[in-house]
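Enquirer: Provided below are the primary sequence and the corresponding predicted coordinates.
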Amino acid sequence: MNKSLSKIIVSAALWVVANTAIAQTAAPASKPNYQLFLMGDEMALCSSMAWTHCSDTDWLDGTQMRTDRYINLTDSYVTPLLNDDLWPVHRRKARDDVKMAIEILYERMRSDVVPERSFQEEFTRRATRHLYDSLSEREWNLIVDHLEMPAPQGKTDQARIKLTKIEAKRDILQAFLQQADLVRSGDDMPRIAIAAVGARDPLTAAQPFMSAFESLGAQVRWLPIDAAVNAAQRTGKCAELDALREQELGTWKRARVFPELHKQQVAFCQDKLEGPRIVDWADAVFMVGNDANLVRQALLDPMSQPTDLMTSIYLKMRANKLVVGATSDAMNAMTARSMVASGSSAEALRAEVIAGEAPPFGCEKDATCPRNMNSESATYHPLGGVGLFTPASLDGQFSELGRHGRLLRVAATTNTPLAVGVDTRTALAVNVLTGAFEIIGERGVFFGLGAQQTEHAVAATFHYLVAGASGRFSDNNVVDMKLASGDEVVLEEPTTQFLNNRGMVDSLRLLCQQRNSFNLLQKDFRLMVVGDEATKRVKAGGECQVTNARIGISWQPDTW
């Protein structure tokens, strides 16, 4: 272990000796063992709108459930999309090309109304493919949102947990629900509030999770807070919520598509006490989405102070009466440390990580990138996220997207002693009162300690533990680690690509084969991992768990 790591003394109330694994913990009745579930996965479930995640589709019934978005190609939908106000002057040519493309698609499909899947499939082939590739994410969302027809009344996106292909996702949701059940000691069905705070379209994102938890026996309510609602409450503009969604979320025409949900959200917006009342009712709050910045904007004010709703979540969780879960990049926002917001490892190493808002995805295409940034720029928020997790900065979808470089660069830049990355199909369950944690699911969690950097390189001591392992956060460190001994094997073919894939953790297997180091090269980047006498190595589930090894990642364009 690097003994030169600086240590920040955290309040002793946060770090008393505690139990570790769920099965080993003899907690008092009606008290959850873990109050916070950090899920590195987006947790996409088998549902009627996402049937590709299902092992069986025989249950789908278009007469009873929502199975697709439908696109209307008539003038009444297309004309508002082409309004000058929606297209900057320098993108009017693209706007005119979109008009022509829709006319071509209409001639091809010979129908006023088509499923979104068919619309996108046609748009991405033949004469219109070049235009599709030139559009930014904002512009594509603008097109689809404007052309989307109202969702069928009474039909929702229904999920089937047991048919979700990936077993680890089912296990994670079950473990989360079990902890929520402990709040009430099993006297009643657990109560779950679903908040799509990190989603661009919260009205759509919440539905499958509400259905999923209901199918597991929970009572479920929608907690309809998001960045647009928070802005409307602060400014007294709840009646203008649909327009604020365009500005705050980048969504359009939601009141038309979901009129009843829109009415519910306006009523919620107008009653500022309703959010805390829902939290008071709930045993757990489940936050979903892929945008950490949207989570901040939903739950904090412009001065980064918590809203009354966020305060109620924090206090109830600290009282051990609420379990909170967060998925994917929304998970990043749970930290009280510097919050990783966006970007790739490659760009983090080529350039500095930037304190600021994430640039729009594909912003080069429509010239909306902030000055000196591109769509891959690595950004962070120096004031942190919503503050539910104090030990470390966080990053999700970690090994699968090769995010080691960006997380460690943020940690080194901000002098954050500990950084934690959670893989997909994996959750880190944490007792925020004691620091105890357990890894649940299928893959692993990366713990980076004492990150240091030069202009184009970063290095740290690290541990990598897989599902079934446990330990405890204490004084910016990870202690009492118990490594897993599971038999589940990751089936993907191994890769050496470490900037945007699993190459780093795949190559860790070499350390479990009596190797003390390895080097990987990808383009102009080098990854080095070194172990020594202090490094512990244990195989589990086809992976290699490692403690007290060292990692270095660098950009070296002139050396080969």
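Expert: Done, it's in. In this text, all values refer to a predicted model and were calculated from it rather than measured experimentally. Numbers count the residues shown, from 1 in each chain.
Enquirer: contacts and neighbour counts: CA atoms only from here.
Expert: OK.
Enquirer: helices of the stretch 51-200 of the chain, residue ranges please.
Expert: Ranges of helices in the stretch 51-200 of the chain, per DSSP state H, counting those that start in this stretch, are 75-81, 92-109, 116-123, 129-134, 137-147, 167-183.
Enquirer: residue 320 belongs to a strand?
Expert: No. Residue 320 is assigned coil when assessed by DSSP: H, G, I helix; E, B strand; the rest coil, not a strand.
Enquirer: surely it meets residue 36?
Expert: No. Contact criterion CA atoms under 8 Å: residue 320 and residue 36 do not qualify, at 10.2 Å.
Enquirer: contacts only, for the closest residue in space to residue 71 that isn't next to it in sequence.
Expert: Once flanking residues are discounted, residue 71 sits nearest to residue 148: 4.7 Å by CA to CA, 6 or more residues apart in numbering. Under the criterion of CA atoms under 8 Å, 6 or more residues apart in numbering, the neighbours of residue 148 are 69-72, 257.
Enquirer: cool, residue 228 as well?
Expert: Contacts of residue 228 (CA under 8 Å, 6+ apart): 241, 244-245, 247-249, 298.
Enquirer: now with 6 Å?
Expert: 244-245, 248 (CA atoms under 6 Å, 6 or more residues apart in numbering).
Enquirer: returning to what we had before: of residue 320 and residue 36, which one has the most company?
Expert: Higher neighbour count among residue 320 and residue 36: residue 36, with 28 against 19, using other CA atoms under 10 Å.
Enquirer: could you check the pLDDT of that one?
Expert: Per-residue pLDDT puts residue 36 at 98.
Enquirer: that one and residue 159: what is the separation?
Expert: Separation of residue 36 from residue 159 (CA to CA, to the nearest Å): 24 Å.
Enquirer: just residue 254 next, same as before
Expert: 22 Å.
Enquirer: how many residues are close by residue 217?
Expert: Residue 217, neighbours per other CA under 10 Å, totals 12.
Enquirer: er, residue 287 I mean
Expert: So residue 287, with other CA under 10 Å, has 24 neighbours.
Enquirer: help me confirm that it comes into contact with residue 326.
Expert: Yes. With contact defined as CA atoms under 6 Å, residue 287 counts as touching residue 326 (4.6 Å).
Enquirer: for the protein, which strand is longest?
Expert: Determined from DSSP state E, the single longest strand within the chain is strand 543-555.
Enquirer: what's next to it, contact-wise?
Expert: Contacts for strand 543-555 (CA under 6 Å, 6+ apart): 1, 349, 456-465, 508-509, 512, 524-531, 535-539.
Enquirer: can you check stretch 305-312 too?
Expert: Contacts of stretch 305-312 (CA under 6 Å, 6+ apart): 275-276, 299-300.
Enquirer: ok, 10 Å please
Expert: Residues from elsewhere that reach stretch 305-312, judged by CA atoms under 10 Å, 6 or more residues apart in numbering: 225, 230, 234, 272-280, 296-301, 313-314, 317-318, 383, 385-388.
Enquirer: of those, which belong to helices?
Expert: 230, 234, 274-280, 296-299, 313-314, 317-318 (DSSP state H).
Enquirer: give me the buried entries from these.
Expert: The neighbour count (16 or more other CA atoms under 10 Å) marks 230, 274-276, 278-279, 296-299, 313-314, 317-318 as buried among these.
Enquirer: the stretch 201-350 of the chain: helices as residue ranges?
Expert: Under DSSP H, counting those that start in this stretch, the stretch 201-350 of the chain gives helices at 202-215, 227-235, 241-248, 254-257, 259-270, 274-281, 292-299, 308-318, 345-350.
Enquirer: list the buried residues for the first one?
Expert: When you say that, I think you mean helix 202-215. 202-214.
Enquirer: can you check the fifth one too?
Expert: The neighbour-count criterion (16+ other CA under 10 Å) identifies 261-262, 265-266, 268-270 as the buried residues of helix 259-270.
Enquirer: now do the SS call for residue 37.
Expert: What three-state DSSP gives for residue 37 is strand.
Enquirer: before we move on, back to that, tell me the one of the contacts of residue 228 nearest residue 113?
Expert: Comparing the contacts of residue 228 against residue 113 with CA to CA places residue 245 closest, at 25.1 Å.
Enquirer: how about residues contacting stretch 112-119?
Expert: 67-75, 102, 105-106, 109, 121-124, 144, 147-149.
Enquirer: residue 521 touches residue 507, doesn't it?
Expert: No. Residue 521 is beyond contact range of residue 507, at 11.9 Å (criterion: CA atoms under 10 Å).
Enquirer: intersection of neighbour lists for the two?
Expert: 496-498.
Enquirer: the stretch 401-550 of the chain: strands as residue ranges?
Expert: 418-422, 426-430, 436-441, 444-454, 457-466, 470-474, 477-482, 517-522, 525-530, 536-540, 543-555 (DSSP state E, counting those that start in this stretch).
Enquirer: what angle do the longest one and strand 536-540 make?
Expert: This points to strand 543-555. 120 degrees (axes from the mean of the first three to the mean of the last three CA atoms, to 10 degrees).
Enquirer: what's the neighbour count on residue 216?
Expert: Based on other CA under 10 Å, the number of other residues close to residue 216 is 16.
Enquirer: contacting residues for residue 389?
Expert: Contacts of residue 389 (CA under 10 Å, 6+ apart): 36, 38, 331-337, 430-432, 435.
Enquirer: follow-up on the earlier one: let me have the helices of the stretch 201-350 of the chain in TSV, extended by distance to residue 62 and mean pLDDT.
Expert: Listed next are these as TSV, based on distance: least, CA to CA, whole Å; pLDDT from 0 to 100:
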stretch	distance to residue 62	mean pLDDT
helix 202-215	16	96
helix 227-235	31	98
helix 241-248	28	97
helix 254-257	18	97
helix 259-270	20	98
helix 274-281	32	98
helix 292-299	32	97
helix 308-318	37	98
helix 345-350	42	97
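Enquirer: what's the closest of these to residue 377?
Expert: helix 345-350 (5.7 Å).
Enquirer: contact partners of the closest one?
Expert: 342, 351, 353-354, 374-379, 401-410, 453-458, 498-500, 522-525, 553-557.
Enquirer: only whichever of the residues you listed are buried, select them in PyMOL.
Expert: Buried residues among the contacts of helix 345-350 (16+ other CA under 10 Å), as a PyMOL selection:
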select buried, resi 342+353+354+374+375+376+377+378+379+401+402+403+404+405+406+407+408+409+410+453+456+457+458+498+499+500+525+553+554+555
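Enquirer: hmm, residue 261 is touching residue 203, no?
Expert: Yes. If you go by CA under 10 Å, residue 261 and residue 203 touch, sitting 6.9 Å apart.
Enquirer: thinking again about what came up before, between the contacts of residue 228, which has the most around it?
Expert: Result: residue 245 is most packed of the contacts of residue 228 (other CA under 10 Å), 23 neighbours.
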